[in-house]
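[1] okay, here's the prediction I keep looking at, along with the sequence it came from:
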Amino acid sequence: MSAYLSTGDDDPLSLRPPIFETHDERTARLAIEGRAKAVSDGIDEELEKARALERKGPKAIKILLLGQSESGKSTTLKNFQLMYDPKSFRAERASWRVVIQLNVVQSMRSILDAMTLAQKHEYPAHPSPQRKKGSWHLTPELLAIKERLLPLVDIEKTLIRRLTTAGSGEVEATHREAGPDHLKPGLKEIAINSAIPWKNAFNRLIKAEERTSFDSAEGIDWDDPEDPSAVLNSCSQDMIQLWNNPSIRQLLVKQNARMEDHSGFFLDSLDRVTAARYIPTDDDILRARLKTLGVSEHRFKISTSGSVRDWKVYDVGGHRSQVAAWAPFFDDMDAIIFLAPISCFDQVLEEDHRVNRLEDTFKLWTMIVSNQHLKNTNLILFLNKIDILRSKLASGIKLKDYVVSYGDRPNDVDSTTAYLKRKFGGILQEKSPSPRIFYCHLTTVIDTKSTKYILSNLKDTLMRQNLMKTNLIA
Ligand SMILES: Nc1nc2c(ncn2[C@@H]2O[C@H](COP(=O)(O)OP(=O)(O)OP(=O)(O)O)[C@@H](O)[C@H]2O)c(=O)[nH]1
Ligand SMILES: [Mg+2]
């Protein structure tokens, strides 16, 4: 910075000394200019010192979240936000309300599509004694409900439009299936570029004068004419009846559509989330599903034993098309949290139905642990979605049917997780360019309480390590 006005000829801003100037005037002018220059130089010096201090000072601790799509990266980030920036986490309720409404509508769409398939292919929706064994039909009552729920299709379009406008049109529509491949009814999954502050778009849902009370029910503009809550509310009883109908449940089982394992599952809370004045709870926000595109950086100020440090957490999109975008973020990370959603052992990738999701996770893990650029980075493995794993195993789905090497070991949570943990650990040991500690946790990241405990321990470990590193270097 230069506050001093130079008199050099080549400076277009230069001030020339007055032509007629007495000796005393000249002396006074030079004295003023001298003082101005001293002040200017002083400021320059201070700025340079501050810059140097910043360069030398403690660097932010950086965490990268990695894993395949739907592994729980963004949900882990939400836990960080809830712990270390709860105010802004809660300020986003109005935005998540829209996402949750879309999640509900899309789950219902899956059920309606399953019914359509049953109609087309005479899929079993209700055992009928009149028909030959194994042949079912949809009762007139169920068909009437289906008819009455047709407005949900329009609501879905409205919600998608609202979200895509908010995300500046950076939207990817992928297909999610509710049944077997050959009967696949396409469902659009919405992805928003996380670099775009899409949540701001929903601030118009919040009345300006109430911006300070984001956390209260009064924060949402209930009179918004575009808000689809009224339609959702009027469909509520039909949705509940459909979801709780035993024939429909059987139909979904028959079509291999375990709705409760789907991302953004709110069907067991329909009464609450379709209430006219519904406000998402913290848990709802953690359950809400919105696919990530791109990379976003989130900053936190985190303190441990009196000292405050800057943290940067990076959330990336895990869809296969996004994986190439991870590499530039490999340098300079203090830790990578790798999410392996092990409940997915019986599922295939949304983007490639020939690939088993657990196999894909092992491949990604191998790629990360063997990467030379990451050889000094702490790797923390989250074996995630343990709650879904538990209910799957309890329902009789067997790990050995998908992981042949599992053999005849017991099909319970303890044995399966111990086995998978050993497999991930073995890959680390074998493929890591240099020996390193295997940090591994069993997680259900929609459970804020247990996740908080794990993330606090992680914070302490990283702070301690970082301090030691800084002291060694100093
Ligand atoms: N039941 C259950 N659901 C989970 C768990 N972890 C994440 N989810 C849900 O799974 C869905 C996907 O999680 P995300 O955090 O969006 O996944 P992601 O890894 O960010 O996915 P991409 O953005 O596509 O890369 C969300 O609806 C979450 O609420 C878990 O441990 N248990
Ligand atoms: Mg995500």
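    All right, it came through fine. Ligands and ions are numbered 1, 2, ... in the order given.

[2] off-centre distance for the longest helix along the chain?
    The longest helix of the chain (DSSP state H) is helix 23-56. Helix 23-56 has its average C-alpha position 49 Å from the chain's average C-alpha position, going by C-alpha atoms, centre = their mean, to the nearest Å.

[3] after that helix, next one along is what?
    Counting by DSSP states H and E, the next helix or strand C-terminal to helix 23-56 is strand 61-66.

[4] for that following strand, which strands pair with it and how are they oriented?
    Using DSSP bridges, strand 61-66 pairs in its sheet with strand 307-316 (parallel), strand 335-341 (parallel).

[5] closest residue of the stretch 251-400 of the chain to ligand 2?
    Relative to ligand 2, the nearest point of the stretch 251-400 of the chain is T292 (3.1 Å; C-beta to the ion). For the C-beta atoms, the positions are set from N, CA and C on the backbone; glycine is no exception.

[6] still on that earlier bit, and the longest helix of the chain, what's buried?
    E33 (16 or more other C-beta atoms under 10 Å).

[7] stretch 259-267 and ligand 1, any residue contact?
    Yes. If you take C-beta under 6 Å from any ligand atom as the test, stretch 259-267 does meet ligand 1, through 263-264.

[8] which regions of this protein lie under the pLDDT threshold?
    For the chain, the stretches with pLDDT under 70 are 1-19, 50-51, 53-57, 122-136, 166-188, 194-198, 200-222, 225, 470-474.

[9] show me what from it comes close to ligand 2.
    When proximity is defined by C-beta under 5 Å from the ion, the chain lies next to ligand 2 at 73-74, 292.

[10] just among the residues you listed, which is most surrounded?
    K73 (27 neighbours; other C-beta atoms under 10 Å).

[11] contacts only, for that residue.
    Contacts here follow C-beta atoms under 8 Å, 6 or more residues apart in numbering; on that basis K73 touches 65-67, 292, 315-316, 318, 337, 339.

[12] now it, nearest residue through space, not along the chain?
    L65 (4.1 Å; C-beta to C-beta, 6 or more residues apart in numbering).

[13] mind listing the residues bridging to that neighbour?
    Bridge pairing for L65 - DSSP bridges - gives D315, I337.

[14] what is the burial count for it?
    The burial count for L65: 27, using other C-beta under 10 Å.

[15] so it sits against Y314, correct?
    Yes. Applying C-beta atoms under 8 Å, one finds L65 in contact with Y314, separated by 6.5 Å.

[16] what are the boundaries of the helices in this protein?
    Going by DSSP H, the chain shows helices at 23-56, 73-84, 86-90, 93-121, 140-148, 151-166, 229-243, 246-254, 270-273, 282-287, 357-369, 386-394, 413-431, 448-473.

[17] which one, of those, ends up nearest to A327?
    Among those, helix 357-369 comes nearest to A327, with 10.3 Å by C-beta to C-beta.

[18] elements contacting that closest one?
    strand 335-341, strand 378-384, helix 413-431 (3 or more C-beta pairs under 8 Å, 6 or more residues apart in numbering; DSSP states H and E).

[19] got a list of what the residue nearest to the spatial centre of the chain touches?
    Using C-alpha atoms, centre = their mean, the residue of the chain that lies closest to the mean C-alpha position is S74, 1.7 Å off. By C-beta under 8 Å, 6+ apart, the contact list for S74 reads 65, 194, 290, 292, 315.

[20] any idea how far D85 is from the spatially closest residue to the fourth one that is not a sequence neighbour?
    Spelled out, that is T292. Residue nearest to T292 in three dimensions, not counting chain neighbours: G317, with 4.3 Å by C-beta to C-beta, 6+ apart. Applying C-beta to C-beta, to the nearest Å, the value for G317 to D85 is 22 Å.

[21] who has more neighbours, these two?
    Neighbours per residue, other C-beta under 10 Å: of G317 and D85, the larger number sits with G317, 24 against 16.

[22] go ahead and confirm that one touches I192.
    No. Counting by C-beta under 8 Å, G317 does not reach I192; the two are 9.9 Å apart.

[23] quickly list what the residue of the stretch 251-400 of the chain closest to ligand 2 is bridged to.
    Applying DSSP bridges, one finds that T292 bridges with I192.

[24] in the stretch 51-200 of the chain, what residue comes closest to ligand 2?
    S74 (3.2 Å).

[25] which residues do G317 and I192 both contact?
    With C-beta under 8 Å, 6+ apart, G317 and I192 have common neighbours 291-293.

[26] burial measure for whichever residue of the stretch 301-450 of the chain sits closest to ligand 1, as a count.
    Nearest residue of the stretch 301-450 of the chain to ligand 1, counting by C-beta to the nearest ligand atom: G318, 2.9 Å away. G318 has 23 neighbouring residues, counting by other C-beta under 10 Å.
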